[in-house]
Each structure stands twice: as C-alpha cells, then as structure tokens.
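K.L.:
fold the stuff below for me.
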Amino acid sequence: MSSSSASSVSTALAPYGWDEAWAEAFAPYATEGLLPGRVVRVDRGQCDVVTAGGLLRADTAFVTPHDPLRVVCTGDWVAVEPGGNPRYVRTCLPRRTAFVRSTSSQRSEGQILAANVDHAVIAVSLAVELDLGRIERFLALAWESGAQPVVVLTKADLVPDAVTRSHLVQDVETSAPGVPVVPVSCVDEGGTSSLERSRELGGGLDVLAAIVGGGTSVLLGQSGAGKSTLANALLGEDVMTVQATRDVDGKGRHTTTTRNLLVLPGGGVLIDTPGLRGVGLWDAGTGVGQVFSEIGELAERCRFHDCAHEAEPGCAVLAAIETGELPERRLESYRKLLRENQRIVAKTDARLRAEIRKDWKRKGAIGKAEMEAKRGPHWRS
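P.N.:
Numbering: from 1, shown residues only. The predicted structure follows:
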C-alpha cells in the first residue's frame, strides 16, 4: 500500500478507531491487496464492513466458523477482499479486548458479544428494583474482557426524590468499586432537552459522553433497561427504535435485535447490543476478583493464606462482616460467582475437575467428622 493510500485509509477509518497499531497489524495483508475495515454488523454468516471506500457486504465463511470465539464479531478489524461475488472476509486482526459470556447450551461454549472495546457501558434501569447481583455479574465479564466498565443508571427521572436516588447510587457504587456510576435521564419533560434534563439530575449524559468519547464502547444490559434511548441520546438523533415502557411493571420492551457499531458525534464509536436475558460467566476468575477487590484486600489479613472465609479462626473477611465493614450480601455474591465460574472452567479443564472432586471429598469428610463428634462416641450403639 502506497503512503498516499495509507494516509487516505487512516483518514477515512480514524473515526472508527483506526490507528498506527492497527495499520502495523494490517501491513502483511495490505501486500496481498486486501482492504482493512471494521465490522459494524454481523448476521447470518455475513457482515457489513466499513472501509475507506465505504460500507460493503462480505461473507464470513473463511474465518473459522466452527470456533464460537473466533467467528467474526461486531467491532472486529478485518482484512476483506477488494471485490468478488461473494466477497469474503479473509481474516480478523488480533483482538485487543473481547467481551465474552457463556452460552445457554450444554456444550460449554463461549459467545463473543463485542470486540476491541475500551468501555463496557452497563445500563441499569431505576424504574425497577435494583438487582445488585446481576450488576456484579456484568461487571465481572466487563473486567475480564479487558475493557473499563461504566454503570449507567437510566430512567433517573422516575426517582424524583433526590435522597432515594442518592441511596440507590450509593448501593451500586458499593457493588462496583473503582467503576464510574452515572445516573441519567433521557426523557424530555415540558420541552426540556435530554441533555438539560440529565444535567439537572447530576450531569449524566455529558459525563458519560466524556467518558466514552474517543474510544469504542459497548452498551449492555437487560431488555428494557433503556439502552436504545441512551444510544439515541449519545448519538444526538433517533437512530435506534424505542418502544414505550410497560405500565404493568415499568419495564421497556426488547427492541434492538442485532449488534450495531455507530459513530458518536463527539468522537468514538458505540456498539449497541440486544437485551441480555442470560449473563453467564465465561472463565472470568480475574474479573470476579476485580469486582470484589475489597474481599481480596481483606483476605490478605486472614490468619491462613488458603482461608475459605467460612468458619476459619482469624478470618479477616468474616470479621469485617461482624463489624459491618463488609455487607454479607457481597460475600454471598462473591461465593456464588466463584462457584459458577469454577464449574464453567472445570468443563474444559480435567485437572481442575479433579481438584474440585478432591475438595468436595475433603469437605464431606470434615462434615462427617463434625457430625460424629456432636453425636458422641456411643451414638451407633
């Protein structure tokens, strides 16, 4: 690729996140006459790719379709053929980050939702009761992906009481250490613009726009969390279809059906995703540790280095629960996510499966011994 061609590619693709590092990674494919581009949408074995020459449609059959973690995904940078019918994506450039969850199937497979993401924006509706455990689950996957998570509390206008809203924000901040928590409202009231209304509620939209500007962000959350409304507010126009909130339970309806990559007017790109009904962990041990970092810090003060924080003497974690420093709900959620992640990893790791069985037997023997001790030496007679 000539220097002038490289310059034109850089200028055209820069709004989508193209930089010198991506150009260097693509260099071997440029000598083959392939075109660089970013995947903005994938469906039914084909994808839309934005290139320096515009948007084109390409087939993904050449890119390892049998490995669910290596299929072409929204956010991927790819090398695509300059022509042909059909036109093919020849390869994906190595991903910097990847947001992956486990599938609902019984085949122990992961599903990649978005690639090369800088920020994972987790939308949580204040129109319904907060599910802190689900937020922690999203955060674990976000940290594991390599992206910086951000929690956005949507529909803040539905909590008019400032004290209640402040308490809700504090609850989420406790469950999301080190993560920005931004309450927003994207609903116009009496002619007040979304941005102005958001500023009245704490500067939500402009704060969020500043966080996600210049990079790639993926918008995640359950159906009805207000993701499409939030995407439209960030985009400054009604690009995503929005449906009304149900009067019965305050929830919205599922509107987005595919993952779409959209350029933000203030810089950066946004990947909007369908609502996620299931958020299964996928080899997210590091992410779980990050979400519950305060438990890890407390564990360093435990008497035993392998303390399970169950009944061991000198356990700093249990002591923190006794004093109220650590909410018991946090420890229970931590244990639940660790167990789930361990089961997922064990399905593909024979050594770990053996360790889990060994641990079960050890705990079973301890439990049996404790029961016999309580019953006394003559209970069999």
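K.L.:
could you use CA atoms for every contact and neighbour count after this?
P.N.:
Fine.
K.L.:
find the residue at the geometric middle of the chain.
P.N.:
Of all residues in the chain, the one closest to the mean position by CA atoms, centre = their mean is A142, 3.6 Å from it.
K.L.:
that one: what's it in contact with?
P.N.:
Applying CA atoms under 8 Å, 6 or more residues apart in numbering to A142 gives the contacts 99, 120, 148-149, 287.
K.L.:
export the host helix or strand of E24 to PDB, keeping only CA atoms.
P.N.:
E24 is part of helix 20-30, with elements assigned from DSSP states H and E. What follows is helix 20-30, C-alpha atoms only, in PDB (Å, rounded to 0.1, in the frame of the first residue of the first chain):
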ATOM      1  CA  GLU A  20      -1.000   3.200  13.800                       C
ATOM      2  CA  ALA A  21      -1.000   0.000  15.700                       C
ATOM      3  CA  TRP A  22      -3.900  -1.400  13.600                       C
ATOM      4  CA  ALA A  23      -2.100  -0.200  10.500                       C
ATOM      5  CA  GLU A  24       1.000  -2.100  11.500                       C
ATOM      6  CA  ALA A  25      -1.000  -5.200  12.300                       C
ATOM      7  CA  PHE A  26      -2.700  -5.000   8.900                       C
ATOM      8  CA  ALA A  27       0.500  -4.400   6.900                       C
ATOM      9  CA  PRO A  28       1.100  -8.100   5.800                       C
ATOM     10  CA  TYR A  29      -2.500  -8.200   4.300                       C
ATOM     11  CA  ALA A  30      -2.000  -4.900   2.500                       C
END
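K.L.:
chain center to it: distance?
P.N.:
27 Å (CA atoms, centre = their mean, to the nearest Å).
K.L.:
now S217: phi and psi?
P.N.:
Backbone torsions for S217, taken as degrees, to the nearest 10, come to phi -120, psi 140.
K.L.:
bridging residues for it?
P.N.:
The residues paired with S217 through beta bridges, assigned by DSSP bridges, are H119, L270.
K.L.:
was I right to think it contacts V121?
P.N.:
Yes. Taking CA atoms under 8 Å as the contact criterion, S217 and V121 are neighbours in contact, 6.7 Å apart.
K.L.:
and the following helix or strand past the helix holding E24, what does it pack against?
P.N.:
Following helix 20-30 in sequence order, the next helix or strand is strand 35-43 (DSSP H and E). Here strand 35-43 touches helix 20-30, strand 46-51, strand 77-80, strand 260-263, going by 3 or more CA pairs under 8 Å, 6 or more residues apart in numbering; DSSP states H and E.
K.L.:
just the ones you listed: most buried one?
P.N.:
Scoring the helices and strands packed on strand 35-43 by mean neighbour count under mean count of other CA atoms under 10 Å gives strand 77-80 as the most buried, with a mean of 26.
K.L.:
what about E322, which SS state?
P.N.:
The three-state label for E322, taken from DSSP: H, G, I helix; E, B strand; the rest coil, comes out as helix.
K.L.:
top of the contacts of A142 by neighbour count?
P.N.:
When neighbours are counted as other CA atoms under 10 Å, the busiest of the contacts of A142 turns out to be A120, with 28 neighbours.
K.L.:
measure that one to P180 for me?
P.N.:
Going from A120 to P180 by CA to CA, to the nearest Å gives 11 Å.
K.L.:
pull up the overlap in contacts between the two.
P.N.:
Taking CA under 8 Å, 6+ apart as the contact rule, A120 and P180 both touch 149-150.
K.L.:
list the buried residues for stretch 295-305?
P.N.:
If you call a residue buried by 16 or more other CA atoms under 10 Å, then stretch 295-305 has these buried ones: 295, 298-299, 302.
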